[in-house]
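**Q** just to be clear, the model below is a prediction. Sequence and coordinates:
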Amino acid sequence: MPITLLKKSTPHYRADIDGLRGIAVLLVFAYHLGTARCRGGFVGVDVFFVISGYLIGSIILSEIANSKFSLASFYERRVRRIFPALFVVLCASCWFAYRYLLPVESESFAKSLLAATLSVSNIFFLHQSGYFDGPAAMKPLLHTWSLAVEEQFYIFLPLFLLAIRRFSPRIKLWLVSSVASVSFAVSVIGVFDNREAAFYLAHTRAWELLLGTLIAMDLVPRISALWRNIAAFSGLALIFSAGYFFSATTPFPGVAALLPCVGAALIIAAGRSGPSLAGQCLSFTPLVFVGMISYSLYLWHWPMIVFQGMGGLLIQGVSPKTAKLVVMGASFVLATLSWRFIEQPFRGRRFSVSRPAIFSLAATGGTILLALGSSILFTNGLPSRFPSEAVKVASFLETSDSTTEGHYRVGSCFLIGKDSYNQFDPSVCLHRDPQKRNYLLIGDSHAAQLWYGLSSVFPDTNIMQATASGCKPTLEQNIGADEKCIRLMHFIFSEYLPTHRVDTLLIAARWDHGDLERLPRTIAAVKPQASEIVLFGPIVQYDSALPRLLALSIKQKNPEIPADHRISSYESLDSEMARLAATQLGVHYISYYKLLCNQQACLEYAGPGIPLQSDYGHLTGDGSMLMAMRIRDSGGLN
């Protein structure tokens, strides 16, 4: 028998769609692993949405047309498809959480577990840190947001298609298209009004699923082989272009989501007309297999990445590249086992379980998960797992809003909302004191964290402040920068400083190497407007929150844990910026590394039981005070 590497399609099965699923999950996996050439891999979820809308829509439309549709049968299939593997992954995540999460992290995990069980995790994570933010990497169930979107959509879709079943095909097509168009319009507007809501909520994602449903309604006529190939290859090009060129700064979903969604739609629509060369590429057996296990792979990969990063779940003491390869291999093994022994038996009805029994099993499983989440919350995150000293240190992970406002001056002098520029209060933030030296502190949160310490330690100096989250204090702003950054920096550089000379301009930010080319022009522009310019280098940073690293070091009696997680690249950036300041910029430079580190270690505590930093790099209130005292004692500021 000849061996073929192509999976054959049948009248009831399309191998190319499984291959497209494979591409989608690999894009998401590569993005979550931090692959540099796949910065837009998050678009794989959008490809999944279109595929899901097409397949589920096809089933519903066919059954309605043949008078065989039943809501009970539809939801039974959804339970068989979704819940068994999800239940196992959520239970496994609970065990991993018990082993690796600190009490405050466990409470957050428990809330996300409850949300995932109730299919509202998209709404829950909307009110947490954004999908593209650093803290997202510490949320093991973040990826369940997309499952919640689908389940919420599938409450609406069958009811909607049932309601319009008696209309003519043309009117039905018009109604579905209209709903999709409204959803798309809301998504486009929402990206600029509230990006996080546009990303997470079902009504701004519904058009992506409805795009697949429209294809199932025979929106596109049959086309020739030539146009099938053009359409399918164009679809692949659109998807891969989005995966390569998009990044966390891309306004998304909105108009940008058209690339992966239209790309997936072109491939699916072309395949309805017949075979194509692109369809044969997608039918490559290994790729089809990845598509077949894609649901389990999607479920398993993210918790594995998170828990490996938190506590070395799979392997310790290896390079990040090796750790990624191990995570990848383990995720594929678990996904294959999950597909073979959990998904297939339930989906293929190998277990002769009746519909009432399936619903009862799902209800029982859901109750177990809700009980687990509630018990974690009721016990305040099970603090008895850790020594009391570790629990105290870990408590700094939970930042008090009032403390943050007091230390950063959130909402007036430190702006955090995308469109929060109007909250900036020059009468407070830029108030000049004729009896004191007037310093102006500009930058992002890494600048705002200094205000509390500097204002306290230098009482004879008036520290003015113009800071905003994610806002680099340079003339040029990053592509995709928020409006608040563009407006605030324009005001400072073009309006305020030219008419209000300051004694010292303090410039600080979470620098990266890409910022260095913008600094010379910025410094040259502001030199005439300040008697002195002080440039702060990058602060010591970690690949995990310092309080959790310190708590783990206490629990495991291993003081080297924080040092093992220190990001070394920022030390080389510090040296590069110091040379730039001395040789080209001609400004005074303050190195955190010289103030905090020696050849053996870096300072990790601001006082007994008080971490220097509250997360990967931001100073605690005590840390800000200590830093200001070290700056004063070293003569960094007069």
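**A** Noted; the coordinates are in hand.
**Q** secondary structure class for the closest residue to Val587 other than its chain neighbours?
**A** Nearest residue to Val587, sequence neighbours excluded (CB to CB, 6 or more residues apart in numbering): Ile533, at 4.2 Å. C-beta: built from backbone N, CA, C; applies to glycine. Per DSSP: H, G, I helix; E, B strand; the rest coil, the secondary structure class of Ile533 is strand.
**Q** tell me the gap between the host helix or strand of Lys111 and the middle of its chain.
**A** For Lys111, the enclosing helix or strand under DSSP states H and E is helix 103-117. Relative to the centre of its chain, helix 103-117 is centred 17 Å away, using CA atoms, centre = their mean, to the nearest Å.
**Q** likewise stretch 517-534?
**A** 34 Å.
**Q** buried ones in it?
**A** 518-519, 522-523, 526, 529-530, 532-534 (16 or more other CB atoms under 10 Å).
**Q** ok, which pair from these is furthest apart?
**A** Arg518 and Glu532 (20.6 Å; CB to CB).
**Q** make sure the residue nearest to Val587 is actually in contact with Ile523.
**A** Yes. Counting by CB atoms under 8 Å, Ile523 is a contact partner of Ile533 at 6.4 Å.
**Q** gap between Leu372 and Leu142?
**A** 18 Å (CB to CB, to the nearest Å).
**Q** if we can go back for a sec, mutual contacts of Ile533 and Ile523, please.
**A** With contacts defined as CB atoms under 8 Å, 6 or more residues apart in numbering, the residues shared by Ile533 and Ile523 are 585, 587.
**Q** which secondary structure element contains Gly432?
**A** You called it Gly, but residue 432 is Arg. Arg432 belongs to no helix or strand, assigned by DSSP H and E.
**Q** any idea how far it is from Phe414?
**A** Distance from Arg432 to Phe414, by CB to CB: 19 Å.
**Q** now do His12
**A** 58 Å.
**Q** what sits against Thr336?
**A** 293, 296.
**Q** phi, psi of it?
**A** Main-chain torsions, Thr336, degrees, to the nearest 10: phi -60, psi -40.
**Q** and it, how close does it get to Trp300?
**A** When Thr336 is compared with Trp300 (using CB to CB), they lie 10 Å apart.
**Q** before we move on, back to that, quick check on Arg432 and Phe414: which one has the bigger neighbour count.
**A** Phe414 (28 against 11; other CB atoms under 10 Å).
**Q** in this structure, which spans are strands?
**A** 414-415, 437-443, 461-468, 502-508, 530-536, 588-590, 605-607, 610-611 (DSSP state E).
**Q** residues contacting the first one, please?
**A** Contacts with strand 414-415, where a contact means CB under 8 Å, 6+ apart, come from 408, 421, 423-424, 445, 448, 451, 465, 467-469, 471, 484, 488.
**Q** please repeat the previous calculation with a cut-off of 6 Å.
**A** The contact list for strand 414-415, computed with CB atoms under 6 Å, 6 or more residues apart in numbering, reads 408, 423, 448, 467-468, 484.
**Q** now the buried members of the residues you listed.
**A** 408, 423, 448, 467-468, 484.
**Q** need those residues in TSV with pLDDT and distance to Leu114, can you?
**A** Converted to TSV, these look like this (pLDDT from 0 to 100; distance: CB to CB, whole Å):
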residue	pLDDT	distance to Leu114
Tyr408	89	31
Gln423	90	33
Ala448	94	33
Thr467	95	36
Ala468	92	34
Lys484	89	34
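**Q** who touches stretch 535-547?
**A** Outside stretch 535-547, the residues touching it (CB under 6 Å, 6+ apart) are 393-394, 396-397, 507-508, 511, 565-567, 570, 573-574, 577, 581, 587, 589-592, 596, 602, 611, 613, 615-617.
**Q** may I see the ChimeraX selection of the buried members of the residues you listed?
**A** Selecting only the buried entries of these in ChimeraX, with 16+ other CB under 10 Å as the criterion:
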select :393,394,396,397,507,508,511,565,566,570,573,574,577,581,587,589,590,591,592,596,602,611,613,615,616,617
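**Q** so of the contacts of stretch 535-547, which ones are in helices?
**A** Applying DSSP state H to the contacts of stretch 535-547, the entries found in helices are 393-394, 570, 573-574, 577, 592, 596.
**Q** look at Leu372 and Leu142 and report which has more neighbours.
**A** Leu142 (23 against 20).
**Q** just for the stretch 351-500 of the chain, where's the confidence low?
**A** 351-352, 398-406, 479-480 (pLDDT under 70).
**Q** report pLDDT for the closest residue to Phe192 other than its chain neighbours.
**A** In this structure, Phe192 finds its nearest non-sequential neighbour in Pro251, 6.9 Å apart by CB to CB, 6+ apart. Note for Pro251: predicted pLDDT of 88.
**Q** burial count for Pro251?
**A** By other CB under 10 Å, neighbour count at Pro251 equals 15.
**Q** what are the phi and psi values for it?
**A** According to degrees, to the nearest 10, Pro251 has phi -60, psi 110.
**Q** domains for this protein, by residue range?
**A** Domain ranges of the chain: 15-378, 401-540+569-601+623-633, per automatic domain parsing.
**Q** now render those domains as CSV, adding distance to Phe386.
**A** What follows is these, written out as CSV (distance: least, CB to CB, whole Å):
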stretch, distance to Phe386
domain 15-378, 7
domain 401-540+569-601+623-633, 22
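**Q** contacts for stretch 94-111?
**A** 307, 310-311, 372-373, 376-377, 381-383, 394, 397-398, 548, 551.
**Q** now, which of the residues you listed sits nearest Val179?
**A** Gly373 (34.2 Å).
**Q** now the closest one: how far from Tyr298?
**A** With CB to CB as the criterion, Gly373 and Tyr298 are 21 Å apart.
**Q** tell me which of those two has more neighbours.
**A** A count of neighbours by other CB under 10 Å puts Tyr298 above the other of Gly373 and Tyr298, at 26 against 23.
**Q** by mean pLDDT, flag the weakest helix or strand of the protein.
**A** helix 401-408 (a mean of 62; mean pLDDT, DSSP states H and E).
**Q** so which of the domains of the chain gets nearest Ser388?
**A** Across the domains of the chain, closest to Ser388 is domain 15-378 (CB to CB), at 11.1 Å.
**Q** ends of the closest one, how far apart?
**A** 48 Å (CA to CA, to the nearest Å).
**Q** how far does that domain sit from its chain's centre?
**A** 15 Å.
**Q** count the residues that sit near Gly607.
**A** What Gly607 shows, counting by other CB under 10 Å, is a neighbour count of 12.
**Q** show me the shaky parts of the protein.
**A** 1-11, 129-137, 220, 311, 349-352, 398-406, 479-480.
**Q** my guess is Gly53 contacts Thr213, does it?
**A** Yes. The pair Gly53 and Thr213 qualifies as a contact (CB atoms under 6 Å) at a distance of 4.7 Å.
**Q** the two: which has the busier surroundings?
**A** Neighbour count, other CB under 10 Å: between Gly53 and Thr213, Gly53 has more, with 30 against 27.
**Q** show the contacting residues for the more buried one.
**A** 209-210, 212-213.
**Q** can you do 8 Å?
**A** Counted by CB under 8 Å, 6+ apart, Gly53 has contacts 208-213, 216.
**Q** please apply the same query to Gln465.
**A** 409, 413-414, 429, 440-442, 447-448, 451.
**Q** how much space between it and Gly609?
**A** Counting by CB to CB, the gap from Gln465 to Gly609 is 29 Å.
**Q** ok, Ile463 - how many residues close by?
**A** 23.
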